[in-house]
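Chemist: Fold the stuff below for me.
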Amino acid sequence: MTFRRTSVTAAFLILMIKVFSRLSLTCHQAEYQIGNECCPMCLPGSRVKTDCTKFSSTTCLPCLVGTYMNKLTARRQCLFCKTCDKASGLKIKSPCTTTSDAVCEPLEGFYCVDPSDNGCGAAQKHRSCEPGQYISQKGTASTDTVCSDCSDGSFSDGSFPSCRPHTQCETKNLQLLKPGTTSTDAECEEHSLNKTIKQQTIIIIWTPVSVLVLLFVISVPVVFYFRHKIKLLICPGKNCIQTINMCYDSDR
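Modeler: Sure thing, here's the model as predicted:
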């Protein structure tokens with residue numbers, strides 16, 4: 001009877017030791033627990049193929065193309081690489097490798113609206129200033145464009161870094177045709193007297209020139225016509241040798 005009690009007690013103690021040994025099993029930081037075993041983790045750039053046993057260590061496989069693992073791992077699958085989508089206003093700053101994820105940054109003319117430690121998650125196009133506004137602060141990869149209104153007497157089409165003063169027609173000896181606005185410059189024209197004088201000057205210059213050209217055009221065919229007539233009068237029925245001013249019979 002005493003022997004039986006002793007056997008039961010021993011079995012109970014062994015069972016408790018096993019239970020407590022499992023509960024008290026603590027693996028190192030570079031290990032992971034599988035049953036009663038502490039298996040070594042796979043290195044960055046790889047994943048677990050098979051867990052370790054009492055007789056063999058963990059076996060690992062490299063990450064596939066388009067996936068990565070940036071730390072020691074017990075995972076059987078690597079993480080998918082981030083895509084820098086143009087539709088989201090992003091481009092690749094650093095490509096994905098087996099040990100690091102891709103890093104995205106805003107496209108030219110965009111700024112990041114979802115910043116993170118690992119780059120940018122989404123970007124938005126810089127604001128365009130309206131006519132009558134100027135770009136008081138140019139947009140960057142992290143900030144939007146800042147626009148400000150033009151004051152009276154100046155203008156901008158929305159693309160200027162500062163408003164420009166309206167043209168003063170008087171300073172150019174011109175008269176105002178159309179006043180300027182905050183989005184358009186003033187329009188000038190010549191004074192009526194100056195325009196009349198200029199038109200008259202053009203007429204005075206071009207009238208004799210036109211007459212001379214017309215006379216030349218008319219005189220050319222007239223000269224050729226009379227020259228032919230003179231030849232016929234000088235040498236009727238005969239061939240004319242102009243170089244020696246002589247006529248000879250065509251029968252010779």
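
Chemist: Assumed L215 was part of a helix.
Modeler: Yes: counting by DSSP: H, G, I helix; E, B strand; the rest coil, L215 falls inside a helix.

Chemist: neighbours of it, just the number please.
Modeler: L215 has 10 neighbouring residues, counting by other CB atoms under 10 Å. (C-beta placed from N, C-alpha, C; glycine too.)

Chemist: swap in I34?
Modeler: 15.

Chemist: List the residues that contact it.
Modeler: D51, C52 (CB atoms under 8 Å, 6 or more residues apart in numbering).

Chemist: among the helices and strands of this structure, which one scores worst on average pLDDT?
Modeler: strand 246-248 (a mean of 46; mean pLDDT, DSSP states H and E).

Chemist: Point me to the helix or strand that includes the closest residue to C27 other than its chain neighbours.
Modeler: In this structure, C27 finds its nearest non-sequential neighbour in C38, 3.7 Å apart by CB to CB, 6 or more residues apart in numbering. Take DSSP states H and E as the rule and C38 turns out to sit in strand 37-40.

Chemist: which residues are in contact with stretch 65-83?
Modeler: 30, 32, 39, 41-49, 63-64, 96-102, 104, 118-119.

Chemist: Show me which residues of that stretch are buried.
Modeler: Across stretch 65-83, burial judged by 16 or more other CB atoms under 10 Å covers T67, Y68, M69, N70, T73, A74, C78, C81, K82.

Chemist: I'd like the average pLDDT over it.
Modeler: The average pLDDT within stretch 65-83 is 97.

Chemist: From start to finish, how long is that stretch in a straight line?
Modeler: The first residue of stretch 65-83 is 13 Å away from its last residue (CA to CA, to the nearest Å).

Chemist: residue ranges with poor pLDDT in the stretch 51-200 of the chain?
Modeler: Along the stretch 51-200 of the chain, segments meeting pLDDT under 70 span 192-200.

Chemist: Tell me which stretches of the stretch 151-252 of the chain form strands.
Modeler: In the stretch 151-252 of the chain, the segments counted as strands under DSSP state E, counting those that start in this stretch are 154-155, 164-165, 175-178, 187-189, 239-241, 246-248.
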